[in-house]
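K.L.:
Here is a sequence with its predicted model. Questions after.
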Amino acid sequence: MNLFRKLANRTTPIDETALHYIWLSLACGFASAAARELISAYHGAGAVYAEEDFSSRTDLSEALRKRLSEKDLSDAQEIYKACREKGIGILTYECDLYPSRLRTLTNPPAVLYYRGRITNLDCEPCVAPSVSRYGEEVTDWFGYELAKSGAFVVSGLAKGADGIAHRAALRAGGNTVAVLGTAIDRVYPLQNEGLFSEIESKGLILSEYYPGCTTSGASFPERNRIISGLSQATVVVEAGVNSGALITAKDAIMQGRGIYAVPGNVGEDNTSGTNRLIRDGAAVALRARDSL
């Protein structure tokens with residue numbers, strides 16, 4: 001008996017829409033603009049799967065047209081099964097709870113996997129504190145005050161400032177969303193295992209990378225577009241000119257989101273990025289409520 005039939009014999013019915021979106025995301029690849037183009041052109045992943053002839057789609061690579069024509073659901077079925085076994089939720093581009101702010105991106109994730117408490121993020125103020133190196137006290141202060149004011153603090157669960165922002169939001173009794181640069185079932189870094197569990201029980205963990213997915217260093221800047229895309233504003237606390245925090249800020253600018261920067265000492269490398277953001281038009285944030 002094949003996997004699809006085994007799944008079909010279970011009490012819970014198979015979500016074929018989810019299967020088709022997982023299939024499409026695998027075919028197009030992560031952070032690909034092709035998925036959105038296909039979803040828009042055919043009005044959903046199910047219709048893309050039903051299409052037999054992609055020869056007229058010269059905007060797609062030959063390799064992608066071949067993958068779309070093969071109609072191979074086996075990998076999607078394995079991922080779907082793994083999500084069920086591990087209690088991982090699946091949000092597709094068509095889901096009501098899929099954040100509509102992400103649909104405005106040129107390369108939105110076709111699928112988001114989640115753990116924790118799913119909620120309608122469109123109805124919540126979401127702010128992404130972004131910091132490069134030190135700035136720990138300011139990040140903690142901003143994260144706490146943002147959460148205390150009712151904002152969802154969105155960050156990446158990385159070591160250092162990301163963890164500080166998440167912990168501050170939880171300490172305030174507020175809400176936080178962690179967007180992973182790794183598979184949804186992988187805790188990275190391992191030192192944040194306890195924080196991962198706490199966010200899962202009290203907040204929300206998101207990733208476009210399915211359970212067991214092998215990721216690379218490039219996955220982290222890729223996920224930054226989701227952090228800024230979910231957020232109505234990004235607050236850069238401290239950043240050098242080549243920092244990862246500025247990648248998030250640049251994504252936010254391209255997405256038309258609000259950009260706020262905490263000014264730093266002139267001439268110091270670790271604040272030169274934030275000061276340049278202010279010079280180039282970012283709003284100054286001297287306290288958390290400035291961004292709210």
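P.N.:
Cool, the structure landed. Everything quoted here is computed from the prediction, not taken from an experiment.

K.L.:
What strand or helix carries residue 169?
P.N.:
Assigned by DSSP states H and E, residue 169 belongs to helix 161-171.

K.L.:
Now find how far off-centre that helix is within its chain.
P.N.:
Between the mean C-alpha location of helix 161-171 and the chain-wide mean there is a distance of 17 Å, by C-alpha atoms, centre = their mean, to the nearest Å.

K.L.:
and the following helix or strand past it, which strands flank it?
P.N.:
Downstream of helix 161-171, the next assigned helix or strand under DSSP H and E is strand 175-179. On the basis of DSSP bridges, the sheet neighbours of strand 175-179 come out as strand 152-155 (parallel), strand 204-207 (parallel).

K.L.:
Of all those strands, which one is nearest residue 103?
P.N.:
In terms of C-beta to C-beta, the element of these nearest to residue 103 is strand 204-207, at 14.9 Å. Using the backbone N, CA and C atoms, a C-beta is placed for each residue, glycine as well.

K.L.:
Next, the buried residues of that closest one.
P.N.:
Taking 16 or more other C-beta atoms under 10 Å as the neighbour-count basis, strand 204-207 is seen to contain the buried residues 204-207.

K.L.:
Over to stretch 280-292?
P.N.:
By neighbour count with 16+ other C-beta under 10 Å, stretch 280-292 contains the buried residues 282, 285, 288, 291-292.

K.L.:
any chance of the residues you listed in CSV, with distance to residue 49 too?
P.N.:
Written out in CSV, the entries for the buried residues of stretch 280-292 read as follows (distance: C-beta to C-beta, whole Å):
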residue, distance to residue 49
282, 43
285, 45
288, 45
291, 42
292, 43
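
K.L.:
What segments of the stretch 101-250 of the chain are helices?
P.N.:
Taking DSSP state H, counting those that start in this stretch as the criterion, the stretch 101-250 of the chain contains helices spanning 136-148, 161-171, 193-202, 219-230, 244-254.

K.L.:
Where among these is average confidence lowest?
P.N.:
Looking over those, mean pLDDT reaches its minimum on helix 244-254, with a mean of 90.

K.L.:
how distant is that one from the center of its chain?
P.N.:
On C-alpha atoms, centre = their mean, the centre of helix 244-254 falls 14 Å from the chain's centre.

K.L.:
ok, then the element right after that helix?
P.N.:
Of the helices and strands lying after helix 244-254 in sequence (DSSP H and E), the nearest is strand 258-261.

K.L.:
quick one, the next helix-or-strand element following that following strand and helix 244-254 angle?
P.N.:
Proceeding N to C from strand 258-261, the next assigned helix or strand is helix 272-279, under DSSP H and E. With axes from the mean of the first three to the mean of the last three C-alpha atoms, to 10 degrees as the criterion, the two stretches helix 272-279 and helix 244-254 enclose an angle of 20 degrees.

K.L.:
Can you list the buried residues in stretch 236-253?
P.N.:
The neighbour-count criterion (16+ other C-beta under 10 Å) identifies 236-240, 243-253 as the buried residues of stretch 236-253.

K.L.:
what about that stretch, how long is it end to end?
P.N.:
Distance across stretch 236-253, first residue to last, is 12 Å (C-alpha to C-alpha, to the nearest Å).

K.L.:
List of residues touching that stretch?
P.N.:
Contacts to stretch 236-253, defined as C-beta atoms under 8 Å, 6 or more residues apart in numbering, come from residues 128-135, 138-139, 142, 161, 220-221, 224-225, 227-229, 231, 233-234, 258-262, 264, 269-274, 276-277, 282.

K.L.:
Which entries within those residues meet the buried criterion?
P.N.:
Of the members of those, the ones counted as buried by neighbours, 16+ other C-beta under 10 Å, are 128-133, 135, 138-139, 142, 161, 220, 224-225, 227-229, 231, 233-234, 258-262, 264, 270-274, 277, 282.

K.L.:
For this protein, give me the ranges with low pLDDT.
P.N.:
The chain contains residues with pLDDT under 70 at 1-11, 131-134.

K.L.:
If anything else comes up later, I'll come back, but that's it for now.
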